[in-house]
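Peer 1: What shape does this take:
(4 chains)
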Protein chains: 2
Amino acid sequence: MTATQDQKLGAADIAALVRREISKGNLQLHDRLPPERVLAETYGAARGTIRKALTRLEQEGYVEIRAGSGTYVAHKPDRSTTDAIENATPLELMDTRFALEPHVCRLAVLHGRHTDFDRMEELCTRMEACTEDPVAFSEADTEFHRALADSTRNGLLIWIIDQIGNVRSEDDWTRMRHLTLDAQTIRTYNVQHRQIMNAIRTREPERAANIMKEHLETARLSLTRASET
Amino acid sequence: MTATQDQKLGAADIAALVRREISKGNLQLHDRLPPERVLAETYGAARGTIRKALTRLEQEGYVEIRAGSGTYVAHKPDRSTTDAIENATPLELMDTRFALEPHVCRLAVLHGRHTDFDRMEELCTRMEACTEDPVAFSEADTEFHRALADSTRNGLLIWIIDQIGNVRSEDDWTRMRHLTLDAQTIRTYNVQHRQIMNAIRTREPERAANIMKEHLETARLSLTRASET
DNA sequence: TCATTTTGGTATATTTTTGGACTATTCGAG
DNA sequence: CTCGAATAGTCCAAAAATATACCAAAATGA
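Peer 2: As a prediction, the model looks like this:
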C-alpha cells in the first residue's frame, strides 16, 4: 500500500516520517533504528540528508544519537493510555465498575459456560476460606471478577476489567482497602458472590445484575467509610 | 515485510525483540527463556551480544538473571491497549457500549454542568442538519457520545469511551455502518438524542439510562441488519 | 552423597559497525 | 546566475560485536 514513491525526499520529509512512526508506536522506546547508511538506502536519500533529519529529531527529543552505537528512540508513543488508568481515583474506578459489572453479569448469563461457572465457584470457595486474611481475599476477589468478565467471551470487556483489576492491586490505597476488610465485610461479600453465581446459574440476568449493583454499593460504602477516617 | 532478515542483530535489537515477546504475553511471568548460548545461535549473534541485551532487560526489570540457573521473565504482560481495542468485533463493541453508556447517562445527571449540556445540544443540532450526510452525522454522533462522557468528569470513563470512539471511526465496518444510516435511521437517532438530553436536563437518571438503552438497541438492530446482507 | 552437566559471570584480543566530520560536486528553484 | 539543499565520497574514532577461554554457582542424576 505505502507505495514508496521514489520521489526525492528532503530531510524534513524523512524527519516527519520517522516522527510519525514513533508517535504511532511502530517504533517504541529504546528501539534502535537502522544505521544511517541503511536508512539512506531505504529512503533513497544520501546519508547527509538522513543525518540532518536525525539531528533534527534529536533536538526535538524524539531520538537519541549515540556515536559509534546507533540512533535510539527516546520518546514514549502516547502516554494517554496508561495515564488515564493509573491516575484514576478510587471513586472513578468504582463508578466505572458500576457501569460495567452489572452488565457483565447479564452477558455472563448469555455467553457463559459451565466451566466458567465452575471456576468462579471455586474462587468463591477460596474466598470463603479467607475471612481472616484480607490480602488473600482481595487477590481471590480480583480473580473472581476477572473470571466473571472472562465468561462473557468479550475480549474488549475482559481487557477493560483486567486493567481495572491491575490498578486495584497496584495502588497505595489498596492498603487502605485492606483495613476496611474486616471479617464481617468479607462475609457479606461472600454471600453476595454466591448470590450472583446462583442468579447466573439459573439464567436470571436482571437478578444477577441487581445483586452485583448491591455488591458494588457495599464496596463503595466501605470505601467512603475508609476515606473518612 | 516482517521478513526476519538474518542480518546481524545488535544487542538493542535483541532486547527489543524479547521485550516485545514479554509485553505481548508470549513469554509469561516466571517463564525461563533459553540459555544464553542457545539464544546466541537462534538469533545468530555472539553470546556477548545476547548477554548485553539480557543485562539491559534485567535493569529495566523485564527479566531476572540467576547465575547457574537461567534467565526468567519478571514482568507482567504489558497492557497492550491497541490490540484489545483494535481486534474488537462490532458486537463486542456494542456490548461494551451497552454496559457503559446507560450508566454514563446516570453519572451525567449527577456530575454534568450546564456548559456540558449546552455543548451536547449544540451537537444535537449539528446532527439534525445531517440527515442526508451519513459521514458527517457519524462524526457528530461520536462527538456527542464523547461529550456525554466528558460530562461525567470521570477521567477513566472518558478515556474508555474515547478509545471506543476511535475504533468506530477507523474500521472497515464503518463503511457498512454508513450504508445502514439512511435518513430515516438518522432521524430516529436524533429523536433519541434529544430525549436523552431532556431526561438529563430534568435530572432523571433512570429515564436517561433507559432511553440510552433503547438508543443502543436501535443501533444494534441496524448493525445486525447490515451484517445479514 | 558426589560427580557431571548446565548455566550464567568474567575477561580479552580482534574485527566490524556506526556516527562524526569534512569536502567537492550536482541539482533545482528563485 | 546564485544560493541553499541534496549528493557522493573519504577518513576517523568510539562503540559494539565476535570468538575464545576459563570460572563459579546451580541443577541433575546415579
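
Peer 1: buried set for the strand or helix carrying A:Ile65?
Peer 2: Element membership for A:Ile65 (DSSP states H and E) is strand A:63-66. By 16 or more other CB atoms under 10 Å in any protein chain shown, the buried positions in strand A:63-66 come out as A:Val63. (Glycine included, C-beta is placed from N, CA and C.)

Peer 1: Work out the sheet partners of it and label each with its direction, please.
Peer 2: strand A:70-73 (antiparallel) (DSSP bridges).

Peer 1: Any chance you could list what contacts the partner strand?
Peer 2: Contacts of strand A:70-73 with the rest of the structure, by CB atoms under 8 Å, 6 or more residues apart in numbering or on different chains, involve A:22, A:27-33, A:35-36, A:54, A:58, A:62-66, B:10, B:12.

Peer 1: and A:Glu21, how far is that from A:Thr115?
Peer 2: Going from A:Glu21 to A:Thr115 by CB to CB, to the nearest Å gives 43 Å.

Peer 1: Please say which of these two ends up with more neighbours.
Peer 2: Just comparing A:Glu21 and A:Thr115: by other CB atoms under 10 Å in any protein chain shown the higher neighbour count belongs to A:Glu21, 17 against 9.

Peer 1: Skipping adjacent residues, who's closest to the more buried one in space?
Peer 2: Nearest residue to A:Glu21 in three dimensions, chain neighbours excluded: A:Leu27, at 4.7 Å (CB to CB, 6 or more residues apart in numbering or on different chains).

Peer 1: And for A:Glu60?
Peer 2: Nearest-residue entry for A:Glu60: A:Arg19, 7.5 Å, with adjacent residues in sequence omitted and distances by CB to CB, 6+ apart.

Peer 1: Can you name the residues that contact that neighbour?
Peer 2: Counted by CB under 8 Å, 6+ apart, A:Arg19 has contacts A:Leu57, A:Glu60, A:Tyr62.

Peer 1: Can you list the buried residues in the helix or strand encompassing A:Glu21?
Peer 2: A:Glu21 belongs to helix A:11-24 when assigned by DSSP H and E. By neighbour count on 16+ other CB under 10 Å, the buried set for helix A:11-24 is A:Ala11, A:Ile14, A:Ala15, A:Val18, A:Arg19, A:Glu21, A:Ile22.

Peer 1: and stretch A:43-54, which residues are buried?
Peer 2: Buried residues in stretch A:43-54 (16+ other CB under 10 Å): A:Tyr43, A:Ala45, A:Thr49, A:Ile50, A:Arg51, A:Lys52, A:Ala53, A:Leu54.

Peer 1: and these as JSON lines, adding secondary structure, distance to chain B and pLDDT?
Peer 2: Output for the buried residues of stretch A:43-54, formatted as JSON lines (DSSP: H, G, I helix; E, B strand; the rest coil; distance: CB to the nearest CB, whole Å; pLDDT from 0 to 100):
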{"residue": "A:Tyr43", "secondary structure": "coil", "distance to chain B": "15", "pLDDT": "92"}
{"residue": "A:Ala45", "secondary structure": "coil", "distance to chain B": "20", "pLDDT": "92"}
{"residue": "A:Thr49", "secondary structure": "helix", "distance to chain B": "23", "pLDDT": "94"}
{"residue": "A:Ile50", "secondary structure": "helix", "distance to chain B": "18", "pLDDT": "94"}
{"residue": "A:Arg51", "secondary structure": "helix", "distance to chain B": "19", "pLDDT": "95"}
{"residue": "A:Lys52", "secondary structure": "helix", "distance to chain B": "23", "pLDDT": "94"}
{"residue": "A:Ala53", "secondary structure": "helix", "distance to chain B": "20", "pLDDT": "94"}
{"residue": "A:Leu54", "secondary structure": "helix", "distance to chain B": "16", "pLDDT": "94"}
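
Peer 1: which of those residues are close to DNA strand C?
Peer 2: Among the buried residues of stretch A:43-54, the ones lying close to DNA strand C by the criterion of CB under 7 Å from any atom of the strand are A:Arg51, A:Leu54.

Peer 1: Tell me the one of the buried residues of stretch A:43-54 nearest B:Asp182?
Peer 2: Distance to B:Asp182 across the buried residues of stretch A:43-54 (CB to CB) is lowest for A:Tyr43, with 46.3 Å.

Peer 1: from what I can see the closest one touches A:Ala15, true?
Peer 2: No - in this structure, A:Tyr43 is not within contact of A:Ala15 by CB atoms under 8 Å, at 10.8 Å.

Peer 1: wait, is A:Leu27 part of a helix?
Peer 2: No - membership of A:Leu27 in a helix is not supported by DSSP: H, G, I helix; E, B strand; the rest coil, which gives coil.

Peer 1: how much space is there between it and DNA strand D?
Peer 2: 17 Å (CB to the nearest atom of the strand, to the nearest Å).

Peer 1: which ones are touching that residue?
Peer 2: A:Val18, A:Glu21, A:Leu33, A:Val73.

Peer 1: Next one, pLDDT for the most centrally placed residue in chain A please.
Peer 2: Per CA atoms, centre = their mean, the C-alpha nearest to the average position across chain A is that of A:Gln163, at 3.0 Å. pLDDT for A:Gln163: 79.

Peer 1: Need phi/psi at it.
Peer 2: Here is the backbone geometry of A:Gln163 (degrees, to the nearest 10): phi -60, psi -50.

Peer 1: A:Arg153 versus that one, what's the distance?
Peer 2: For A:Gln163, the distance to A:Arg153 - CB to CB - is 18 Å.

Peer 1: How about stretch A:91-103 and chain B, touching?
Peer 2: Yes - against chain B, stretch A:91-103 shows contacts by CB under 8 Å from any CB of the partner chain at A:Glu92, A:Leu93, A:Asp95, A:Thr96, A:Phe98, A:Ala99, A:Leu100, A:Pro102, A:His103.
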